[in-house]
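Novice: Okay, predicted coordinates and the sequence, questions at the end:
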Amino acid sequence: MAELESQAVMPKLISYLSSLLQRVADSNDLAAKFAPQKISVFHGLTRPGISVQTYLERIFKYANCSPSCFVVAYVYLDRFTHRQPALPINSFNVHRLLITSVMVAAKFMDDMYYNNAYYAKVGGISTTEMNFLEVDFLFGLGFHLNVTPTTFQTYCLHLQREMLLLNPTPSDLAESTLCGRSPTQHQYICFNDDESSHQQQQQQQQLAV
């Protein structure tokens, strides 16, 4: 986490994360042409006019949360999409999912954070909507908010892979396997073996009880 505490690193982190989310949203938009997707409270009536990167830059500028919050928000988004496969990230919901995940991460990670009304203003939504989104997001996560150092590092590595996709060398292109799915499948942010194994262990423990 220490490397992320440098503010000089943050613009790159924002760029990599927004690029990854945009690619996932575009892929799932394409998948929606083959199979209808469930509408949720995160779903807007139209695609927002602001890009994912500009929106994430706005959150970074005004939320004032610790740099690690953006990685933790990334973890939460991935957990949410795996737990809610009928609600893939797309162009209609990515912005609301972003502001909600960052807000929840800030509340979990930071000693000081803004209230929901402030995050609503940053996100361009009403406070009432922000409250509903937070509740839906938490239940969608199953309130699984803890992020271990190993999991944190794993997601940092996924962001580093995104850096290689944005600035590839020939060998990087040959080895890149991030989010490799067909257009007719929902694309997740990443596939994390560590997270999957942890969830399986939890399920086995619950079954054993």
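Specialist: Done, it's in.
Novice: rest of the way, CA atoms for contacts and neighbours
Specialist: Noted.
Novice: Residue 56 contacts residue 16, correct?
Specialist: No - counting by C-alpha atoms under 8 Å, residue 56 sits too far from residue 16 to count as a contact (10.8 Å).
Novice: Just the CA atoms from stretch 69-77 would do, formatted as PDB, please.
Specialist: The C-alpha trace of stretch 69-77 is given here as PDB (Å, rounded to 0.1, in the frame of the first residue of the first chain):
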ATOM      1  CA  CYS A  69      -9.600   3.300  -1.300                       C
ATOM      2  CA  PHE A  70      -9.600   3.200  -5.100                       C
ATOM      3  CA  VAL A  71      -8.000  -0.300  -5.100                       C
ATOM      4  CA  VAL A  72     -10.400  -1.400  -2.400                       C
ATOM      5  CA  ALA A  73     -13.300   0.000  -4.400                       C
ATOM      6  CA  TYR A  74     -12.000  -2.100  -7.300                       C
ATOM      7  CA  VAL A  75     -12.100  -5.200  -5.100                       C
ATOM      8  CA  TYR A  76     -15.700  -4.400  -4.100                       C
ATOM      9  CA  LEU A  77     -16.800  -3.900  -7.800                       C
END
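Novice: Please report how far residue 50 lies from residue 78.
Specialist: Using C-alpha to C-alpha, to the nearest Å, residue 50 is found at 22 Å from residue 78.
Novice: State the number of residues packed around the closest residue to residue 77 other than its chain neighbours.
Specialist: Spatially, and ignoring its direct neighbours in sequence, residue 77 is nearest to residue 101 (6.6 Å; C-alpha to C-alpha, 6 or more residues apart in numbering). Other residues near residue 101 come to 25 when the count uses other C-alpha atoms under 10 Å.
Novice: Check which helices and strands the helix or strand that contains residue 101 is in contact with.
Specialist: Per DSSP states H and E: residue 101 is located in helix 94-109. Judged by 3 or more C-alpha pairs under 8 Å, 6 or more residues apart in numbering; DSSP states H and E, helix 94-109 is in contact with helix 52-63, helix 68-83, helix 116-123, helix 127-141.
Novice: Let's see that with 7 Å instead.
Specialist: Contact analysis of helix 94-109 by 3 or more C-alpha pairs under 7 Å, 6 or more residues apart in numbering; DSSP states H and E lists helix 68-83 as its packing neighbours.
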